[in-house]
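>>> I'll drop the sequence and a predicted model, then ask my questions.
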Amino acid sequence: MTDAAVASAPSTHAPERMLWQATALSVAMWLLFAAASVTDARLFNGVDVWIKPQKFALSVAVHFATMAWALSWMSDRTRGGRVLGGVIALGVVCGVVEVIYIGVQAGLGQASHFNVSSDFHAAAYTLMGVGAVILVAVSFEVGRRAAVDGAGRFGPGLRFGLALGLMGGSAATVFLGGYLGAQTSHHVGVQLPDSEGLPFVGWATATGDVRPAHFVATHLMQAAPAVGWAADRWGLPMPKVWVAGVSAAWLALALWMFARSWGTAFPAVLSPRITKAPRTGVRGAFGRRRGCQPFCSTRRPRSSAICTAFSAAPL
């Protein structure tokens, strides 16, 4: 092959490099949102208006980094090529655009999720869902490639962990995320401000909340590969059994949290302040779609009157 042909040939590592660049961009957006949080005292749903963009920027960064790390173990033929590059480019665009939109909505003091207050916001919310499905479809494809890559540099545990974690975690995310996106709120029961939940994540402790189950299901993508890597590195016998066992327990925990969100609030083993969600509140989760009502004019520290006034508005 001539020097000119070598120079014009696409790098087999381009998809992996693209993912690392997207990770760096997501971290940069998180730092930008964190800086805005320091200088901007506005509240939304009882918490810092910039909390949600920070959460999603970090989440997308972890997702991109996980896929890049997975590709780094695969053979050059499996992790290269124009097809995979195009698929990953589409996923990167979806993830980055979603974080930017959430940031813009935060700057405007408006909700991004469950916001159907206008035709534009309803369309944007629908497109966010489509983008999220594309994003996890990309991770599913990376997991599938790990499963069929017989020439990769990983051991049996890591290979099985990448395949099971990325494909299983993607499927579980679509199931729980799709269910969550079809509702009018992430709460099940009484609608509470996020200020009444756990710090930063905002998970409810006094009413049902589907987000913890969604979080656990999604992060099977990191848990299963980590177990497989550790099993290979430490020379544990039957590494695939370790991966399968931890993954089964992980998904069982996610399903248990999902079931618990319908009967009580956040799992009692982690939050002793559990109260039954009123039956009338559960019906609200399936009732008429309501437009989101932004209420970003409040200032820290919050007052109980503000929290009460906006307790029914979903974020």
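Done, it's in. Numbering: from 1, shown residues only.
>>> how far away is residue 195 from residue 162?
The gap separating residue 195 from residue 162 is 38 Å, by C-beta to C-beta, to the nearest Å. All C-beta spots, glycine's among them, are computed from the backbone N, C-alpha and C.
>>> ok, those two, which is more surrounded?
residue 162 (32 against 19; other C-beta atoms under 10 Å).
>>> hang on, isn't that one packed against residue 144?
No. When contacts are counted by C-beta atoms under 8 Å, residue 162 is not listed as touching residue 144 (9.9 Å).
>>> and the helix or strand containing residue 258, what does it pack onto?
Secondary-structure assignment from DSSP states H and E places residue 258 in helix 239-263. Packing contacts for helix 239-263, counted by 3 or more C-beta pairs under 8 Å, 6 or more residues apart in numbering; DSSP states H and E, involve helix 156-181, strand 208-209, helix 211-218, helix 220-233.
>>> closest one to residue 46 among these?
With C-beta to C-beta as the criterion, residue 46 lies closest to strand 208-209 of the helices and strands packed on helix 239-263, at 14.6 Å.
>>> please identify the pairing partners of that closest one and their relative orientation?
When pairing is defined by DSSP bridges, strand 208-209 lines up against strand 187-188 (antiparallel).
>>> so for the partner strand, mean pLDDT?
For strand 187-188, the mean pLDDT works out to 83.
>>> list the buried residues of stretch 144-156.
Neighbour counts over stretch 144-156 (16 or more other C-beta atoms under 10 Å) mark 145-146, 149, 152, 154-155 as buried.
>>> quick one: low-confidence ranges for the protein?
1-12, 263-315 (pLDDT under 70).
>>> helices of that one, start to end?
With DSSP state H as the criterion, the chain has helices at 3-8, 14-39, 51-72, 76-79, 82-108, 119-148, 156-181, 211-218, 220-233, 239-263, 279-284, 304-309.
>>> and these: which comes nearest residue 199?
Evaluated over those, closeness to residue 199 peaks at helix 51-72, with 9.5 Å, by C-beta to C-beta.
>>> let me know the angle separating that closest one from helix 82-108.
170 degrees (axes from the mean of the first three to the mean of the last three C-alpha atoms, to 10 degrees).
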